[in-house]
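> Let's see this in three dimensions:
(one chain, ligands or ions: 2)
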Amino acid sequence: MLLTNLVEVKLLKTLFNKIWDEHVVVSKDEKDLLYIDLHLIHEVTSPQAFEGLRLKNRKLRRPDRTFATMDHNTPTIKEHRKKIEDPLSVEQLDSLEKNCRDFGIELYDMDSEYNGIVHMIGPEMGLSLPGKTIVCGDSHTATHGAMGAIAFGIGTSEVEEVFATQCLWQKRPKNMGIKITGVLPENVSAKDIILHLIKEHSTSFGTGYAIEFYGETIENMEVEDRLTLCNMAIEAGAKFGIIRPDEKTVEYIKDRKYTPKGEEFEKYLKYVETLKTDSEDLFDEIKILDVTNLKPHVSFGTNPSMTVSIDEKFPEANTEELKKAYDYMELKPGMTVEDIPIEVVFIGSCTNGRIQDMRIAAEVLKGKKVHEDIRCIVVPGSMLAKNQCEEEGLDKIFIDAGCEFRMPGCSYCLAMNEDRIAEKVHCASTSNRNFEGRQGHLSRTHLMSPYMAAKCAVAGRVEIE
Ligand SMILES: CC(C)[C@H](C(=O)O)[C@@H](O)C(=O)O
Ligand code: SF4
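Ligands and ions are numbered 1, 2, ... in the order given. Alright, predicted model coming up:
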């Protein structure tokens, strides 16, 4: 009896470790060589890696497991590439196109119906699936972990390594469980949960960990919101975020472009059922959050932990970092989110540019007008999301309200394309980063949910009620 128990105990694993173990090719010196199922690439972090391959005369190991998109540098106005003025952007986009042609990689360029931000198109096309190992030369790759996968951002030299070998040496992280319980109040979302967690526990509490989000709130949460949650794991310091795949996940992946079909799908579902953490005791650390009374959260400073719940005042400037942030933002302790002089509202990015986010924003803006002091820009994160908006008439709602409705891309999330926030301008943004100059030189970013951003567009300021 005792022996049986021992054997059983040994076999129990976290969801993360199950997938990890299934992908280990060989181990050495506390590191594992992981097989990579899916490699997503974009124009910014791939050119040097391709160059490396050419210089060393190496081949691309699995072109069929590598997929490319153009997102960071692409303009969001209707006229595509011919309008790009920045020479570096043109060079990066042209190189991606040439490299994909030379190495036989499927590229979703600006003319493709599947084009979009890399972290949007993976799940949307059924490429990012439960049980897979997924990498991309981009820090927000943890997003895909919401599908029940191991997904993480890698550097350019690692991109080259995966190109050449389809494998990557990695040190296994520790496992943290974040248990989320309670019913989310109306209009409070995954974005508020992750901002709250970072506010409470800092921007580094996840360093060295893979974070699994679980609990009844997660079970009741739509896949698109789970993607938002995992997207910002990196803002908490964690390279990995992961969520157990369930019926909602299966429903989401079913019938997508690359999802297995027919019998193969049925067989695959049997495997998906096994993808769960066997016991909470297996986590190296657990944090618990009850969201029953959670309010919307908005950032006031220059990292995501400098955030308040909308019923709070901005805190004392008791650190050098906070003092510097207040100076930069021209805001003061004791103020509230209502005092932020917002001029631009940006609804988009890989955090909140999905169709669900568009629906929430449209619901708020329906039949209303954007405040005269506000410029409101809506950028669906992918062509699929944009086309879906048009199918549902959301584009009309946005345009009638006075918003700009644009082509997909990273857009105002980062100042790498033509979409930039002017100096000293405060932007209510549904993106994930708010450091100095993130959205343009001397720009000021305030992170919030699509619901809060859309409300702000109408009211002309962040609303407390
Ligand atoms: C350009 C890219 C390398 C970068 C990242 O890795 O995250 C970008 O996507 C970002 O969000 O800052
Ligand atoms: S939308 Fe923003 S966070 Fe996401 S990949 Fe693009 S630049 Fe990075």
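> who's in contact with the closest residue to ligand 1 within the stretch 351-465 of the chain?
Distance from ligand 1 to each residue of the stretch 351-465 of the chain (C-beta to the nearest ligand atom) is smallest for residue 414, at 5.2 Å. No exception for glycine: its C-beta is placed from N, CA and C like everyone else's. Applying C-beta atoms under 8 Å, 6 or more residues apart in numbering, one finds that residue 414 lies in contact with 72, 431, 433, 438-439.
> Quick check: pLDDT value at it.
The pLDDT attached to residue 414 in the predicted structure is 97.
> next one: residue 67
Model confidence at residue 67, expressed as pLDDT, equals 98.
> beta partners for it?
Residue 67 has these beta-bridge partners by DSSP bridges: residue 40, residue 106.
> which SSE is residue 123 in?
With the criterion set as DSSP states H and E, the secondary-structure element containing residue 123 is helix 118-124.
> Dump that helix to CSV, restricted to CA.
Extracted C-alpha coordinates of helix 118-124, given in CSV (Å, rounded to 0.1, in the frame of the first residue of the first chain):
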residue,chain,number,x,y,z
VAL,A,118,1.9,37.7,-33.4
HIS,A,119,0.2,37.0,-30.0
MET,A,120,-3.2,37.4,-31.5
ILE,A,121,-2.8,35.3,-34.6
GLY,A,122,-1.3,32.2,-32.9
PRO,A,123,-4.5,31.4,-30.9
GLU,A,124,-6.8,32.8,-33.6
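> which residues are contacting that helix?
Helix 118-124 is contacted from outside by 38, 40-42, 67, 69, 71, 108, 114-116, 127-128, 134, 136, 138, 140-141, 143-144, 146-147, 223, 227, 231, 252, 256, 350, 353-354, 381-382, 384-385, 408, using C-beta under 8 Å, 6+ apart.
> These in helices, which ones?
223, 227, 231, 252, 350, 384-385 (DSSP state H).
> so what pLDDT did the residue nearest to the spatial centre of the chain get?
When C-alpha atoms, centre = their mean is applied to the chain, the residue found nearest the centroid is residue 231 (3.0 Å). According to the per-residue confidence, residue 231 scores 98 in pLDDT.
> how far does stretch 153-169 stretch from start to finish?
The first and last residues of stretch 153-169 sit 13 Å apart, counting by C-alpha to C-alpha, to the nearest Å.
> Flag every residue of the protein that's near ligand 2.
The interface of the chain toward ligand 2, taken as C-beta under 6 Å from any ligand atom, is made up of 71-72, 117, 119, 138, 140, 349-350, 410, 413-414, 431-432.
> which one of those is nearest residue 399?
Closest approach to residue 399 among the residues of the chain next to ligand 2 (C-beta to C-beta): residue 349, at 20.3 Å.
> and that closest one, how many residues sit next to it?
Using other C-beta atoms under 10 Å, residue 349 has 28 other residues around it.
> Mind jotting down where the strands sit in the stretch 51-200 of the chain?
66-69, 106-108, 133-136, 150-153, 167-170, 174-181 (DSSP state E, counting those that start in this stretch).
> what would those look like in CSV with distance to ligand 1?
Written out in CSV, the entries for the strands of the stretch 51-200 of the chain read as follows (distance: least, C-beta to the nearest ligand atom, whole Å):
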stretch, distance to ligand 1
strand 66-69, 12
strand 106-108, 17
strand 133-136, 9
strand 150-153, 6
strand 167-170, 16
strand 174-181, 21
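> could I get those as CSV with mean neighbour count?
Shown next, in CSV, are the strands of the stretch 51-200 of the chain (neighbours: other C-beta atoms under 10 Å):
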stretch, mean neighbour count
strand 66-69, 25
strand 106-108, 18
strand 133-136, 24
strand 150-153, 26
strand 167-170, 20
strand 174-181, 21
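> For residue 460, find the nearest of those strands.
Relative to residue 460, the nearest member of the strands of the stretch 51-200 of the chain by C-beta to C-beta is strand 174-181, separated by 32.9 Å.
> Summarise which helices and strands that closest one is packed against.
strand 209-214, helix 216-219, strand 285-290 (3 or more C-beta pairs under 8 Å, 6 or more residues apart in numbering; DSSP states H and E).
> follow-up on the earlier one: looking at the ones in helices among the contacts of helix 118-124, which is nearest residue 59?
Nearest to residue 59, judged by C-beta to C-beta, of these is residue 350 at 30.5 Å.
> Can you show me the helices along the stretch 301-450 of the chain?
Taking DSSP state H, counting those that start in this stretch as the criterion, the stretch 301-450 of the chain carries its helices at 320-329, 349-352, 355-365, 383-391, 394-401, 450-459.
> any idea which of those helices is most buried?
helix 349-352 (a mean of 30; mean count of other C-beta atoms under 10 Å).
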